[in-house]
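# Here's my sequence, what's the structure:
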Amino acid sequence: MALIRFTLNNKQIGFVRNNKAGSTTVLNYIGQIFWNESPDRPTGTVIKSHLGEDSYYGQEKSFDYYKDKLLKCDVRIAVYRDPVKKLLSGFTHAKKFNKIHFLDDFLQNYKAYMNLENYIRIHCRTNTEMLGEDKKIYTHIFNIDEINSKLKPLLEEWSGKKLKETWLRKTEPVKITTQQEKKIEFIMKKDYDNGWF
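Residues are numbered from 1 along each chain as shown. Coordinates of the predicted model:
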C-alpha cells in the first residue's frame with residue numbers, strides 16, 4: 001500500500017504498509033515516537049504532515065512501485081499476516097463500508113471485485129503484492145502477532161522512547177467453511193509460494 005520512511009539513530013528505516021496486517025498499529029507507534037500520538041488513535045496518512053511528503057511514498061501502490069526506494073533504506077521492515085486471516089479481515093473491513101456483501105460471491109468473483117473498487121483492492125491484496133516475492137530483502141520480518149512483542153521493543157530501543165501498547169481495529173474472526181478456506185488459500189497462493197504465511 002505504501003512505503004513509510006523515517007530516520008532513527010542516523011539510519012533510514014523503511015516500513016512497508018501492508019493493509020490488514022497490523023499496519024495501523026505500527027503507524028501509531030511511529031506517531032508516538034515523532035509527535036506523541038495517542039495510543040488509541042489510528043494515525044493513517046497524517047505522517048506526511050509530521051515527517052514530510054517523502055515519508056509516505058507510493059500510497060495505494062503495489063510493491064514494484066516503491067521497491068527501489070525501499071532498497072535504499074538501511075533498515076527494511078515487513079509485517080505480514082496469515083493469508084486466510086488477512087483476506088477475511090479485508091473482506092470484513094470492506095463489508096462494513098458496504099463495498100462487499102457476501103463472502104461466497106466475493107471469493108467466486110475475487111478478480112472482478114479487485115478491479116471494480118480501489119477500496120477493496122487496498123484491503124484485500126496478498127502479502128506478496130505489498131511486500132514482494134523475496135523476503136531476503138528485508139532486514140526485519142514480523143508476523144502480525146509479533147508487533148507488540150518484538151517490533152515495538154525494537155522501535156523503543158532505536159528511538160529511546162517508551163511506547164504505550166496499542167492494537168487498533170480488532171475484529172471478530174469470521175467463521176468459514178472448509179470449502180471457503182480452500183478457495184481463499186487458492187486466491188492467496190502467491191503468499192504460500194513466497195513464504196508469507
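# Below-threshold pLDDT in the chain: ranges please.
Low-confidence segments of the chain, defined by pLDDT under 70: 44-45, 168-171.
# what about 90?
1, 9, 36, 40-46, 53, 59-62, 93-101, 116-119, 121-122, 167-175 (pLDDT under 90).
# quick one: the strands in it?
2-8, 11-17, 56-57, 75-80, 140-143 (DSSP state E).
# right, and these - which one's nearest I33?
Taking Cβ to Cβ, strand 2-8 is the member of the strands of the chain nearest to I33, at 7.4 Å. Where C-beta positions appear, they are placed from N, C-alpha and C, glycine not excepted.
# Next up, the contacts around A21.
By Cβ atoms under 8 Å, 6 or more residues apart in numbering, the residues touching A21 are 79-81, 86, 127, 130, 144.
# circling back: format the strands of the chain as CSV; extra columns: mean neighbour count and distance to D105.
Output for the strands of the chain, formatted as CSV (neighbours: other Cβ atoms under 10 Å; distance: least, Cβ to Cβ, whole Å):
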stretch, mean neighbour count, distance to D105
strand 2-8, 21, 29
strand 11-17, 21, 28
strand 56-57, 19, 34
strand 75-80, 22, 27
strand 140-143, 18, 30
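# Please identify which of these is closest to I184.
Closest to I184 of these, according to Cβ to Cβ: strand 75-80, at 15.4 Å.
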